[in-house]
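here is a sequence together with a model predicted from it:
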Amino acid sequence: SQTIHQWPATLVQPVGSPLSLECTVEGTSNPNLYWYRQAAGRGLQLLFYSVGIGQISSEVPQNLSASRPQDRQFILSSKKLLLSDSGFYLCAWGGGATPLYSPLHFGNGTRLTVT
Amino acid sequence: KQEVTQIPAALSVPEGENLVLNCSFTDSAIYNLQWFRQDPGKGLTSLLLIQSSQREQTSGRLNASLDKSSGRSTLYIAASQPGDSATYLCAVRQTGGTSYGKLTFGQGTILTVHP
């Protein structure tokens, strides 16, 4: 069966420090991968998605970037964190033979607090 | 622009009651609709996925219906239990625009089932 791992679970970082959040998927190949952010009262916002290694699309211009160095690995990064980057970050995967008709599966999320 | 609305925003019921959560969307050009459950501080757990050609899906005590033409879906929970307490989110995957099918989420319904 497929599983998705996200780490760390919680993170407290000072303003101006770098960020690296990692997500890996097991039990599937060539998944579509997504980074979402969930802020209080604002719902889920899609940040990045990737349909393959090295292929990243950004939904919202911001202080963050994403990379996909391996088929089942998705990384969210920042060179210098802002207070507004605080939130709950969720990685998700979807795909298979018919990605448009397949469900999306989420990891357990990373709670990021920028101080 | 697709907009997804969930009503009610919060619901509190006694254990054993049957209940209905509502989700409405403005653009009926969708591939499918997915219901999720989110426990506090956790990621999203997929409950049911209904394709646009389907009318309903069932899993255990959960039944989700879809009326694409009217832009509505309902999640029916039978014989509710305290363990059902969580936030329930619906999301529609719309056609057109992207190759991955963008998901638009509702704001969620916070369900509390008290003993």
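Received it, and whenever you're ready, just let me know what you need. It should be emphasised that the depicted structure is a prediction, and the values quoted were computed from it without experimental measurement. Numbers count the residues shown, from 1 in each chain, chains lettered A, B, ... in the order given.

any idea how many residues pack against residue B:20?
Using other Cβ atoms under 10 Å in any protein chain shown, residue B:20 has 11 other residues around it. Quick note: C-beta positions are derived from backbone N, CA and C, even for glycine.

what lines up beside the lowest-mean-pLDDT helix or strand in chain B in the sheet?
Across the helices and strands of chain B, mean confidence by mean pLDDT, DSSP states H and E is lowest for strand B:103-105: a mean of 91. Using DSSP bridges, strand B:103-105 pairs in its sheet with strand B:86-94 (antiparallel).

alpha carbons only: can I get the strand it pairs with in PDB?
C-alpha atoms of strand B:86-94 as PDB (Å, rounded to 0.1, in the frame of the first residue of the first chain):
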ATOM      1  CA  ALA B  86     -13.400  16.200  13.400                       C
ATOM      2  CA  THR B  87     -13.400  18.800  10.600                       C
ATOM      3  CA  TYR B  88     -14.900  17.600   7.400                       C
ATOM      4  CA  LEU B  89     -13.800  19.200   4.100                       C
ATOM      5  CA  CYS B  90     -15.000  18.800   0.600                       C
ATOM      6  CA  ALA B  91     -12.900  19.500  -2.500                       C
ATOM      7  CA  VAL B  92     -13.800  19.600  -6.200                       C
ATOM      8  CA  ARG B  93     -11.400  18.800  -9.000                       C
ATOM      9  CA  GLN B  94     -12.200  21.000 -11.800                       C
END
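
contacts for the least confident helix or strand of chain B, please.
Contacts with strand B:103-105, where a contact means Cβ atoms under 8 Å, 6 or more residues apart in numbering or on different chains, come from A:43-44, A:46, A:104, B:2-4, B:25, B:34, B:89-94.

is chain A contacted by whatever helix or strand comes next after that strand?
Sequence order places strand B:109-114 as the next helix or strand after strand B:103-105, per DSSP states H and E. No: counting by Cβ under 8 Å from any Cβ of the partner chain, chain A has no neighbours in strand B:109-114; the shortest distance is 12.4 Å.

can you give me the buried ones in strand B:109-114?
The neighbour-count check on strand B:109-114 (16 or more other Cβ atoms under 10 Å in any protein chain shown) flags B:109-111, B:113 as buried.

show me what contacts the spatially most central residue of chain A?
Computing the C-alpha centroid of chain A and ranking residues by Cα atoms, centre = their mean puts residue A:35 first, at 2.8 Å. By Cβ under 8 Å, 6+ apart, residue A:35 lies in contact with A:23, A:46-49, A:66, A:74, A:76, A:89-92.

near chain B, from those?
Within the contacts of residue A:35, those near chain B by Cβ under 8 Å from any Cβ are A:46, A:49, A:90, A:92.

doesn't the second one fall inside a strand?
Yes: in this structure, residue A:49 lies within a strand as judged by DSSP: H, G, I helix; E, B strand; the rest coil.

correct me, but it touches residue A:68?
No: look at residue A:49 against residue A:68 with Cβ atoms under 8 Å: they stay out of range, at 10.0 Å.

out of the two, which sits in the busier spot?
Taking other Cβ under 10 Å, residue A:49 and residue A:68 do not tie; residue A:49 has more neighbours (25 against 20).
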